[in-house]
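Enquirer: got a predicted model here, sequence first, then my questions.
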Amino acid sequence: MAQMNISLPDALKSWAETRVAEGRYSSTSDYVRDLMRRDQDHAEKLARLQAAIDEGLASGVSDRDPFDYLDEVRAQLRSADAA
């Protein structure tokens, strides 16, 4: 495993040590790794969301009535609930 040294203000160091003392993390390194994993997950979700937005924008404007579409979605949900 690679090592990395970081500098933290005293307040952040204290915060990390408090989180470890609460018992959820075995060390400050464990806490920082968890934060980085969560940040990575968030960035990946954000990228997927942005890709879906881009795809939607690129698809153009629909001629369908939005209320008709909403009725179809509601009917599908009712069918799924009944199954």
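Expert: Structure's in. What do you need?

Enquirer: which one in the protein is furthest away from the centre?
Expert: Relative to the centre of the chain, the most outlying C-alpha is that of residue 63, 32.5 Å out, by CA atoms, centre = their mean.

Enquirer: in what helix or strand does that residue lie?
Expert: Here residue 63, judged by DSSP states H and E, is contained in no helix and no strand.

Enquirer: equivalent analysis for residue 50, please.
Expert: helix 28-58.

Enquirer: tell me which helix or strand comes right after that helix.
Expert: helix 66-82.

Enquirer: other residues contacting that next one?
Expert: By CB atoms under 8 Å, 6 or more residues apart in numbering, the residues outside helix 66-82 that reach it are residue 62. Just so you know, the C-beta spots here come from the backbone N, C-alpha and C atoms, and that holds for glycine as well.

Enquirer: which pLDDT value goes with residue 80?
Expert: Note for residue 80: predicted pLDDT of 89.
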